[in-house]
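Colleague: Next come a sequence and a model predicted from it.
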Amino acid sequence: MKTVYDYTVKKTNGDEQSLKNFEGKVLLIVNTASKCGLTPQFKDLQELYNKYKDQGFEILGFPCSQFNNQEFDNIEETTQFCQVNYGVTFPMFAKIDVNGENADPLFTYLKEQKGGVLSKDIKWNFTKFLVNRNGQVVERYAPTTTPSKIEKDIIQQLSLQETHHKPFHE
């Protein structure tokens with residue numbers, strides 16, 4: 001059975017990163033935008049990250065310009081904007097498409113695991129996917145669902161232990 005750990009994503013510098021690096025953690029994967037009415041959610045996401053990162057929680061941000069072109073063209077502008085305006089320290093990745101023929105494979109997988117209302121396509125910026133410690137998608141949240149409304153689900157996932165044994169790494 002596939003999990004998010006089977007995917008590789010591009011970092012802002014263009015290097016590839018395997019999501020296996022986040023194995024055993026509870027993940028919140030979000031398609032973000034810097035010039036959207038929902039952009040202030042960065043502040044709440046960062047607060048959640050600060051609160052739970054030491055308990056095995058990670059937020060992975062994926063900038064996307066597919067909705068009214070609300071993301072900077074240059075990824076450096078995006079990361080600087082997020083850090084300066086919202087103090088974002090959680091990992092941000094290279095700009096991607098979340099829908100269509102050029103959709104990032106990770107987001108294709110996420111949408112297959114948890115479809116939206118009426119369609120699997122992502123409708124807007126700040127759609128959020130909660131992933132358990134085993135790399136399985138457990139919930140999808142609408143763009144307007146605030147991070148604070150997700151907190152109880154994050155706490156629940158953090159309290160659960162992995163159901164499989166991690167391979168031994170030297």
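Modeller: Structure's in. What do you need?
Colleague: Give me the contact list for the host helix or strand of Q157.
Modeller: Applying DSSP states H and E as the criterion places Q157 in helix 147-159. The contact list for helix 147-159 (C-beta atoms under 8 Å, 6 or more residues apart in numbering) reads 26, 28, 41, 44-45, 47-48, 52, 55-57, 128, 130, 132-133, 138-139, 141. In short, each C-beta sits where N, CA and C put it, glycine included.
Colleague: before we move on, what about stretch 95-109?
Modeller: Here stretch 95-109 has contacts from 2, 4, 6-7, 9-10, 19, 29, 31, 62-66, 71, 75, 78, 111, 121-122, 127, using C-beta under 8 Å, 6+ apart.
Colleague: Quick check on the residues you listed: which are buried?
Modeller: Among the contacts of stretch 95-109, those classed as buried by 16 or more other C-beta atoms under 10 Å are 4, 7, 9-10, 19, 29, 31, 62-66, 71, 75, 78, 111, 122, 127.
Colleague: and the helix or strand bottoming out on mean pLDDT in the chain, C-alpha only, in CSV?
Modeller: The helix or strand of the chain with the poorest confidence is helix 75-86; it has a mean of 83 (mean pLDDT, DSSP states H and E). This file holds the C-alpha atoms of helix 75-86, laid out as CSV (Å, rounded to 0.1, in the frame of the first residue of the first chain):
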residue,chain,number,x,y,z
ILE,A,75,10.4,31.1,-4.9
GLU,A,76,12.8,33.3,-3.1
GLU,A,77,10.2,36.0,-2.9
THR,A,78,7.7,33.4,-1.6
THR,A,79,10.0,32.1,1.2
GLN,A,80,11.1,35.6,2.2
PHE,A,81,7.4,36.8,2.3
CYS,A,82,6.4,33.9,4.5
GLN,A,83,9.4,34.4,6.9
VAL,A,84,9.1,38.2,7.2
ASN,A,85,5.3,38.5,7.4
TYR,A,86,4.4,35.4,9.3
